[in-house]
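Student: Give the three-dimensional model of this entry:
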Amino acid sequence: MNEIISFNLKNHNNHLTFDFLQQDHVVASFDTPFPYAEDFPKTLWVYDDGSSQIVLLPKEQM
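Tutor: Residues are numbered from 1 along each chain as shown. Just a heads-up that it's a prediction; the model follows:
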């Protein structure tokens, strides 16, 4: 598995939905009970080395 996991953040009925991406294709979507906010980033990444995870935002360098 790739160490960088990609998610798109979307507005779904005014709630936050995470789209899990593999090779730029949505393979799963996760709806949340949390309200969506327009200032959320469109994408975020998670670095996972098998023992720890770090969330990376678009404004951060990879």
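Student: what are the pairing partners of the longest strand along the chain, and which direction each?
Tutor: Ordering each strand of the chain by length in residues (DSSP state E) puts strand 25-35 first. In the sheet, strand 25-35 lines up against strand 15-22 (antiparallel) (DSSP bridges).
Student: Name the residues of the partner strand that are buried.
Tutor: L16, T17, F18, D19, L21 (16 or more other Cβ atoms under 10 Å). Just so you know, the C-beta spots here come from the backbone N, C-alpha and C atoms, and that holds for glycine as well.
Student: Report the contact partners of P41.
Tutor: Counting by Cβ atoms under 8 Å, 6 or more residues apart in numbering, P41 touches L9, L57, P58, K59.
Student: how close does the last one sit to W45?
Tutor: K59 sits 12 Å away from W45 when distances are taken as Cβ to Cβ, to the nearest Å.
Student: roughly how far apart are the most far-flung residue of the chain relative to its centre and I4?
Tutor: Distance from the C-alpha centroid of the chain, by Cα atoms, centre = their mean, peaks at S51 (19.1 Å). Between S51 and I4 the computed distance is 16 Å (Cβ to Cβ).
Student: go on, T32?
Tutor: The gap separating T32 from I4 is 22 Å, by Cβ to Cβ.
Student: Equivalent analysis for S29, please.
Tutor: From S29 to I4 the distance is 19 Å (Cβ to Cβ).
Student: packing partners for the host helix or strand of N8?
Tutor: Assessed by DSSP states H and E, N8 sits inside strand 4-12. If contacts are counted by 3 or more Cβ pairs under 8 Å, 6 or more residues apart in numbering; DSSP states H and E, strand 4-12 sits against strand 15-22, strand 25-35, strand 43-48.
Student: ok now the longest strand of the chain, how far from the chain's centre?
Tutor: Here strand 25-35 is found 9 Å from its chain centre; the criterion is Cα atoms, centre = their mean, to the nearest Å.
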